[in-house]
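J.: Got a sequence here, can you model it:
(one chain, ligands or ions: 1)
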Amino acid sequence: MDISPEKSLDTAARIAAESKSLVILTGAGVSAESGIPTFRGENGLWKNYRPEELATPEAFRNHPALVWEWYNFRKNLISEKSPNPAHYAITELQHLLPDVSLITQNVDSLHNVAGTINLIEMHGNIFRARCTNCGKTMEYRRTEDNSPVCSFCYGALRPDIVWFGEMLDPVIVSKIESVLYHADTMIIAGTSGAVYPAAGYTDYLLRRNKTVIEINTEKSGREAEKYLMLTGKAGDIFPELSRKIKSIKEKEV
Ligand code: BV8
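T.: From the prediction side, this is the model:
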């Protein structure tokens, strides 16, 4: 859609207000204004660390204590942060619209803290651990141990996170497929679109002639009839979008 920037927010609000089934896909950019570093941005995590050394099953097999050190560092950082206006505005959208699902690539739990429901954490959650022996998953918030063991079987615990080269949980995949299949509109926010399968969801919606609204501080350069780019911070755009949708809905009454 070739719409002037000032008009695009009104257009996006009208499209979302008319949506019968909206899916929102978020990435690290939505947590950036909470003070959590993104992966590929200016001060991104991958600038100082190599993903293959820290976020792969091989990395964990070869040096588990280093991987736990990295996740403990991130857990300590995230524990001091709070949801920002983008997280809360997304939760508001769920009260304003009939059917809003959220798929997040983020593992920081901030959507949970902001009260979002119908939440699919496709890459896991940094505050959960999984036993490599008995497979149990548990909430695990401690950060002082670089080689934690399972309280049930004393097997080695790993972060309950999907690493590069690992399949997503099939139950999660089928939930995502169902949500994407039924959606008439998708808002994709704060993601570089660098990681699959999430990176493929935009094309999936557009191929089925559904509308995709993208919120990002950087223009994607994507051109498509049913694609609308809102350039700016998620923490500014989502609250504005929610306000506009609320006033559209109030006029409908
Ligand atoms: C899979 C957990 C099937 C870690 C993450 C070769 C071998 C093996 C696999 C592959 C291969 N080639 C491709 C693959 C598939 C691979 C992949 O996609 N690799 C990429 C690098 C090419 N994917 C997988 O392995 C997935 N599994 O495909 O299984 C399979 C299996 C084996 C072999 C083949 C296929 C599993 C992927 C999950 C990886 N785990 N996270 C952790 O978090 O500790 S991914 C990691 O990247 C994060 O989860 C993150 O969410 C995700 C994407 O990053 P973004 O969220 O987009 O963040 P980024 O920093 O990149 O961008 C931020 C954006 O926000 C920017 O655009 C910026 O402009 C914007 N922004 C910044 N501030 C703001 C803002 N926008 C708005 N407002 C702001 N204020």
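J.: so does the biggest strand by length in the chain get close to the ligand?
T.: When the chain is scanned for its longest strand (criterion: DSSP state E), the result is strand 124-131. No: using Cβ under 6 Å from any ligand atom, strand 124-131 never reaches the ligand; the gap is at least 6.8 Å. C-beta coordinates here come from the backbone N, C-alpha and C atoms, glycine included.
J.: Just the pLDDT for Glu240.
T.: Per-residue confidence (pLDDT) for Glu240: 97.
J.: Same question for Gly221.
T.: 84.
J.: Around it, how many other residues sit close by?
T.: Per other Cβ atoms under 10 Å, the neighbour tally for Gly221 reads 6.
J.: cool, Ser174 as well?
T.: Counted with other Cβ under 10 Å, Ser174 comes out at 10.
J.: now what about the helix or strand that contains it, what contacts it?
T.: Following DSSP states H and E, one finds Ser174 within helix 170-182. Contacts with helix 170-182, where a contact means Cβ atoms under 8 Å, 6 or more residues apart in numbering, come from 21, 23, 99, 101, 103, 120-122, 168, 186, 197, 201, 204-205.
J.: Output the longest strand of the chain as PDB, nothing but the C-alphas.
T.: Extracted in PDB, the C-alpha atoms of strand 124-131 (Å, rounded to 0.1, in the frame of the first residue of the first chain):
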ATOM      1  CA  GLY A 124      10.500 -20.800  24.800                       C
ATOM      2  CA  ASN A 125      11.000 -18.800  28.000                       C
ATOM      3  CA  ILE A 126      14.200 -17.700  29.700                       C
ATOM      4  CA  PHE A 127      12.700 -18.300  33.200                       C
ATOM      5  CA  ARG A 128      12.000 -21.900  32.500                       C
ATOM      6  CA  ALA A 129      14.500 -24.900  32.400                       C
ATOM      7  CA  ARG A 130      14.200 -28.400  31.000                       C
ATOM      8  CA  CYS A 131      15.900 -31.500  32.200                       C
END
